[in-house]
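S.K.: Quick one, what's the 3D model for this:
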Amino acid sequence: MSIVPPNEIGRSDSGLASIAAVKPWCRTRTAIPWILLSVRLLMVPFLIFAPRGLTDRAVLLLYVIAFVTDYFDGASARHFGTATPLLRKADSAADTIFYLAIAWLIVRRHPQEFSNNATALTVFLISVGLWYAMDAVRWRRPAGFHAYSAKLLSIGLLVWMIVLLGGWRTGHLLSVVLIFGTAAQVDSMVISLLLRHDCPDVPTVAHALRRRREALKTKS
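M.R.: This is a model prediction of the structure:
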């Protein structure tokens, strides 16, 4: 049995108190990205089975909330150092499911948007399919590089949603966004081909080239 000297008792109690105070904070900062991610998933049933009384402005508000949570779940995970492969996979899955729900809602409410931009939409979907197929072969999973081009695509989709659900004429705005989206998919495919190992957070082709050179130097 160990005996703590009298002058160390207060110090030991203080240390234990500090550890006890840190543990809840560690759990909280780990949970924050998951909570933000879950917000988007909770919206999915509501978007799919949207009540008739749900206005376009209300849908737009939900979309903006989802956009903000999508940014901050990744930002908070990187800030707190809690980004894990499981979280990255869950984030990609949540984004895919959410955008499919949004697409379903737009088809029901504004079908002309997709029919008027069918060519750009088809090319974009083909590029998405090719990227997913490439990732399945190279990395055995959808890669999440968080490329700047993908972030700009998200902003472009937000602008389109604001114009559409705000009641303004969209013209061929969706085609412009989807053409850029196709370029963003090509950008991600080039990044994937350049990397020698599966890496998260590769924002540009230049970053991929740098990591490739570093990997070659390490190997040699």
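
S.K.: residue boundaries of the helices in the protein?
M.R.: Ranges of helices in the chain, per DSSP state H, are 6-48, 56-80, 85-109, 111-116, 118-138, 148-165, 173-194, 205-219.

S.K.: so of those, which one's packed in deepest?
M.R.: Per residue and on average, the most neighbours among the helices of the chain fall to helix 173-194, with a mean of 20 (mean count of other C-beta atoms under 10 Å). In this view, the C-beta of every residue, glycine as well, is placed from N, C-alpha and C.

S.K.: Output the helices of the chain in a markdown table; the columns should cover mean pLDDT.
M.R.: As requested, the helices of the chain are arranged in a markdown table below (pLDDT from 0 to 100):
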| stretch | mean pLDDT |
| --- | --- |
| helix 6-48 | 71 |
| helix 56-80 | 93 |
| helix 85-109 | 92 |
| helix 111-116 | 95 |
| helix 118-138 | 93 |
| helix 148-165 | 96 |
| helix 173-194 | 96 |
| helix 205-219 | 88 |
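
S.K.: tell me the domain boundaries of this protein?
M.R.: The chain breaks down into these domains under automatic domain parsing: 10-109, 110-220.

S.K.: Quick check: phi and psi at residue 198.
M.R.: Backbone torsions of residue 198, given as degrees, to the nearest 10, read phi -70, psi 120.

S.K.: what about it, neighbour count?
M.R.: Summarising burial for residue 198: neighbours were counted as other C-beta atoms under 10 Å, giving 13.

S.K.: Okay, it and residue 211: tell me how far apart.
M.R.: Relative to residue 211, residue 198 is positioned 11 Å away (criterion: C-beta to C-beta, to the nearest Å).

S.K.: repeat for residue 28
M.R.: Applying C-beta to C-beta to residue 28 and residue 211 gives a distance of 33 Å.

S.K.: got it, and residue 111?
M.R.: Residue 111 sits 43 Å away from residue 211, going by C-beta to C-beta.

S.K.: With residue 147 instead?
M.R.: Residue 147 sits 13 Å away from residue 211, going by C-beta to C-beta.

S.K.: Identify the contacts common to the two.
M.R.: Residues touching both residue 147 and residue 211 (C-beta atoms under 8 Å, 6 or more residues apart in numbering) are residue 202.

S.K.: can you tell me which residues contact residue 106?
M.R.: Residue 106 makes contact with 113, 114, 164, according to C-beta under 8 Å, 6+ apart.

S.K.: Mind doing that once more with 7 Å?
M.R.: Contacts for residue 106 were tallied using C-beta atoms under 7 Å, 6 or more residues apart in numbering; they are residue 113.

S.K.: and if you look at residue 120?
M.R.: The neighbourhood of residue 120, defined by C-beta under 7 Å, 6+ apart, consists of 175, 178, 179.

S.K.: Repeat the analysis, applying 8 Å as the threshold.
M.R.: Residues touching residue 120, when contacts are defined by C-beta under 8 Å, 6+ apart, comprise 174, 175, 178, 179, 182.

S.K.: Find the nearest non-adjacent residue to the first one, please.
M.R.: Just to be clear, that refers to residue 174. For residue 174, the nearest residue in space outside its immediate sequence neighbours is residue 117; the separation is 4.4 Å by C-beta to C-beta, 6 or more residues apart in numbering.

S.K.: From residue 105, how far out is that neighbour?
M.R.: Counting by C-beta to C-beta, the gap from residue 117 to residue 105 is 17 Å.

S.K.: Look up how far residue 166 lies from the closest residue to residue 72 other than its chain neighbours.
M.R.: Nearest-residue entry for residue 72: residue 36, 5.6 Å, with adjacent residues in sequence omitted and distances by C-beta to C-beta, 6+ apart. The span separating residue 36 from residue 166 equals 25 Å under the rule C-beta to C-beta.
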